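Undergrad: Pasting the sequence and the predicted model now:
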Amino acid sequence: KMLKVLPFIFIVLWSSAFITTKPIIDNSDPFTALTFRFALVALGFFLFSIYSNQKIIVSKKNFLESFLSGILFHGFYLGGVFYSISKGMPTGIAALIVTLQPVLTNALSGPILNEKVSVKQWVGVLLGFVGATLVLGLDVGTKIPLAGVVATIIALLSITFSTIWQKKLSNNLPLSVSNFYQAVGGCLFHVFIIIFFVEPYINFTKTFIIAMSHQIFLVSFGAFTILMFLIKKNSASKTVSIFFLIPATSAFIAWFFLNETLTNLDLVGFLIATIGVYIATRN
């Protein structure tokens with residue numbers, strides 16, 4: 001039962017993250033914001049692990065696996081997305097590029113994980129790709145910054161390898177302990193970037209605090225935990241097929257909250273992407 005409901009909760013929470021990224025980077029540089037976020041996330045998972053009597057001290061192998069996964073996911077992936085949006089990349093287009101992840105994951109989970117990717121899954125992936133492109137494709141009238149594109153492509157590669165890596169490991173750590181070490185990895189990655197590359201600053205405005213709270217509680221504690229759970233329970237290529245609903249959902253949330261426009265073509269794209277996801281993920 002839970003496995004049926006969780007993907008939908010995940011999609012809404014994950015999509016909403018793209019919307020609160022803008023207010024965060026309007027009030028801070030991307031890397032200081034992420035350092036702050038993952039310091040608190042690490043603390044949260046640490047306290048939860050202690051509270052639920054999980055063993056925090058783990059083997060070196062398990063520690064490194066989770067730590068590196070966190071660097072890929074919270075470091076390169078989120079760092080790439082935050083940086084690209086701070087450079088003026090439209091939120092929707094950033095969401096679309098990183099959502100091409102299922103195409104890459106499907107292509108790679110065959111050779112790397114020996115998962116069988118069926119023709120039906122490929123058809124679903126292609127439909128999802130077409131739909132996602134329609135949703136955002138014709139809105140690409142804005143000058144898209146090159147740095148933003150490069151950062152988003154790095155983010156795309158990182159989330160793809162992170163998902164495959166997570167699936168390959170499926171290390172038997174409790175979720176909260178694994179998430180704790182991932183958050184530590186992400187936090188230290190951003191600390192490194194701050195020390196060597198950026199002038200850190202955060203303005204703790206009301207907007208920043210609300211947006212950051214949303215990303216910590218609903219996205220890092222909620223959506224990310226659901227994602228790790230789904231990757232554990234499903235095949236990697238099946239889990240990420242639901243990602244195709246994210247650009248459309250992000251576009252819809254942006255329309256609702258940020259007054260960004262939705263056209264008839266967007267709605268058609270939404271429909272095609274949804275059909276694609278359904279085909280790719282149904283049993």
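TA: Right, received. Where do you want to start?
Undergrad: In contact with residue 70, which residues?
TA: Residue 70 is in contact with 181-186, 189, counting by C-beta atoms under 8 Å, 6 or more residues apart in numbering. To be clear about C-beta, it is placed using only N, CA and C from the backbone, and glycine gets the same treatment.
Undergrad: The stretch 1-150 of the chain: strands as residue ranges?
TA: Counting by DSSP state E, counting those that start in this stretch, the stretch 1-150 of the chain has no strands to list.
Undergrad: for it, which spans come out with low pLDDT?
TA: The model of the stretch 1-150 of the chain has pLDDT under 70 over residues 1-3, 107, 135-144.
Undergrad: Of the contacts of residue 70, which pair is most distant in space?
TA: 181 and 189 (12.7 Å; C-beta to C-beta).
Undergrad: Can you get me a residue count around residue 5?
TA: 10 (other C-beta atoms under 10 Å).
Undergrad: Please report the distance of it from residue 222.
TA: 13 Å (C-beta to C-beta, to the nearest Å).
Undergrad: cool, residue 184 as well?
TA: Distance from residue 184 to residue 222, by C-beta to C-beta: 19 Å.
Undergrad: Compare these two and say which is more crowded by neighbours.
TA: The neighbour comparison of residue 184 against residue 222 (other C-beta under 10 Å) goes to residue 184, with 23 against 17.
Undergrad: got a list of what that one touches?
TA: Contacts of residue 184 (C-beta under 8 Å, 6+ apart): 38, 42, 67, 70.
Undergrad: Residue 42 too?
TA: 180, 183-184, 187 are the contacts of residue 42 under C-beta under 8 Å, 6+ apart.
Undergrad: which ones among those are found in helices?
TA: 180, 183-184, 187 (DSSP state H).
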